[in-house]
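[1] need a structure here:
(one chain, ligands or ions: 1)
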Amino acid sequence: MAVLSTGIQQLLRTLPKVDRVMAWSDLALGVDGYPRPVVVAGVRAVIDRLRGEVLTGVLADVPEPARIIALIMSELEFRTSRSLRGVVNGTGVVVHTNLGRSPLADEAEEAIHSVSAGYSNLEFDLENGERGSRYAHVEGLICELTGAEAALVVNNNAAAVILALTTLAQGREVIVSRGELVEIGGSFRIPDVMRQSGARLVEVGTTNRTHITDFRAAITDATALMLKVHTSNFAIVGFTAEVSIGAMAMLRPETGIPVMLDAGSGSLIDLSSYGISGEPTIRQYLEKGADLVTFSGDKLLGGPQAGLIAGARRLIEPMKHHPLLRALRMDKLNLAALEATLRLYRDERRALASIPTLRMLTMTGGQLVRRADTICRKLRRAIPDSVSLVKHPGESSAGGGSFPLLQLPTTLIEIRIGVSSAQQIEAALRRPPVPVIGRIHHDRYLLDVRTILDRDLPALSNSLAEAAKRCCETVR
Ligand SMILES: *Cc1c(COP(=O)(O)O)cnc(C)c1O
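    Residues are numbered from 1 along each chain as shown. Down below sits the predicted model:
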């Protein structure tokens, strides 16, 4: 065991014990209202942390009781606040999977509110006064918006793919191009999903080039599906060839084999007039001959977590009766939000104006310059002098595995706090009740105005003020 210096031993002796701190009358005043076991655990955590700092030489003096009490109060606040909380997304990644993907439209939030605290007609047919289907609330809407004959929704797109493969291809073969055996965020890998569903994967073509003749040659009596997978989060460039949905569908008359598409993000409206192009809509995929398309509710669609399935009735009907559906079914809150979001799509202009994901993706460079000016002006009124804001041009991305190469011009606000480093600012902004998540580039801490919502502004200025306080304390 290392011998502690007498200075450190001395300091450790002056560090108050938990029991003594608990007896401080100034502490009792502050912690009134917190359950005693929580207070004891909080006090112990703070004392342990101080002991650690003494041992590692970080602390040269035991803090005054008032300072220890302040540390305890902040520890208690941290311990009793909710783990899952709202944050300000300053990353510029619009569909950010780690930050909850799509923020909901007001209409969707309202719909959740209206069914969450009371009862609802989730599975009750109000027309006939008998048991109904939870899927009925959105099936018609999805058909209307995509032109599909039938539709179904499940928990997420991964569930949609598993349900489709299990129902339609268990024990049989599914043909996929080698260029589309993708992994999306670690736990979703096409070969693994295939194995899980009990379907046999038949890989055809090469990494960069696959031809329709490869598909034709792989078809046997055991073939259940031809599957196309959207290469969501990467792009193959150079000497490439992929087989389109249209080409796959052309084999159907002679083979009778259905074409399924995992569209990943999946868009209901054409965004090419906003510089976001190369992505057919779900309706277009179906028109080109896809028999079944699955896509996420919380990516480009801008709704809640959901997996939407649209396509031929003869393929979707068996899924509705598969026992797996019960395990993958969507809950009422997400269903309410999905219905409200889909309703907005009935009027494209309304969808673009009210669905935050679409609104953020379609903001122009000019709009973002003006937005940055407004945000800076509002923030400057509320934040301390130690914080300065500097605007820079930059780029944002769509995220959510959609348009991996797309760079949207944006305006960034650099945050400077005294002499603090970008890393110190980043850490300080993660601590407030509403944390702020930005990005560091070339030692600058940056917030992208594209993903900062209007409703974030009061929290953003509070969090900046709190971070400034924290930064100044550490520097001192
Ligand atoms: C995102 C994605 C998934 C998974 O969707 P979730 O809704 O997250 O389950 C599956 N396939 C593709 C191609 C994707 O892009």
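[2] show the contacting residues for Ser267.
    By C-beta atoms under 8 Å, 6 or more residues apart in numbering, the residues touching Ser267 are 279, 281-282, 300-301, 402. Where you see a C-beta, it was placed from the backbone N, CA and C, and this is true even at glycine.
[3] what about the residue in the chain that the ligand sits nearest to, how many residues nearby?
    The nearest approach of the chain to the ligand comes at Gly264, 2.6 Å away (C-beta to the nearest ligand atom). By the criterion of other C-beta atoms under 10 Å, Gly264 has 23 neighbours.
[4] kindly report the same for Ser396.
    Ser396 has 24 neighbouring residues, counting by other C-beta under 10 Å.
[5] would you agree it is in contact with Val449?
    No - here Ser396 does not reach Val449: they are 9.0 Å apart, not a contact under C-beta atoms under 8 Å.
[6] need the residues touching each of these two.
    Thr410.
[7] ok so, going back, how about the contacts of Ser267 in JSON lines, adding secondary structure?
    JSON lines is the format used below for the contacts of Ser267 (DSSP: H, G, I helix; E, B strand; the rest coil):
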{"residue": "Glu279", "secondary structure": "coil"}
{"residue": "Thr281", "secondary structure": "strand"}
{"residue": "Ile282", "secondary structure": "helix"}
{"residue": "Leu300", "secondary structure": "coil"}
{"residue": "Leu301", "secondary structure": "coil"}
{"residue": "Ser402", "secondary structure": "coil"}
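[8] neighbour-wise, which of the residues you listed leads?
    Counting by other C-beta under 10 Å, top hit in these: Leu300 with 32 neighbours.
[9] how much space separates that residue from His113?
    25 Å (C-beta to C-beta, to the nearest Å).
[10] near the ligand, which residues of the stretch 101-250 of the chain show up?
    Neighbours of the ligand within the stretch 101-250 of the chain, by C-beta under 6 Å from any ligand atom: 156-158, 184, 188, 229-230, 232.
[11] again, only this time at 8 Å
    155-161, 182, 184-185, 188, 229-233 (C-beta under 8 Å from any ligand atom).
[12] of all those residues, which two lie farthest apart?
    Asn155 and Thr231 (23.3 Å; C-beta to C-beta).
[13] got a list of what the residue lying closest to Ser116 once chain neighbours are set aside touches?
    Excluding its sequence neighbours, the residue lying closest to Ser116 (C-beta to C-beta, 6 or more residues apart in numbering) is Leu333, at 5.7 Å. Going by C-beta under 8 Å, 6+ apart, Leu333 touches 112, 115-116, 304.
[14] hmm, which of those are the buried ones?
    112, 115, 304 (16 or more other C-beta atoms under 10 Å).
[15] may I ask which helix or strand encompasses Glu317?
    helix 313-320 (DSSP states H and E).
[16] do Arg49 as well
    Arg49 belongs to helix 36-55, assigned by DSSP H and E.
[17] for that helix, which residues meet the burial criterion?
    For helix 36-55, the neighbour count (16+ other C-beta under 10 Å) marks 39-40, 42-47, 50, 53-54 as buried.
[18] filter those down to the ones near the ligand?
    Within the buried residues of helix 36-55, nothing lies near the ligand by C-beta under 8 Å from any ligand atom.
[19] now these as CSV including pLDDT?
    Shown next, in CSV, are the buried residues of helix 36-55 (pLDDT from 0 to 100):
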residue, pLDDT
Val39, 96
Val40, 96
Gly42, 96
Val43, 97
Arg44, 97
Ala45, 96
Val46, 96
Ile47, 96
Leu50, 94
Glu53, 91
Val54, 92
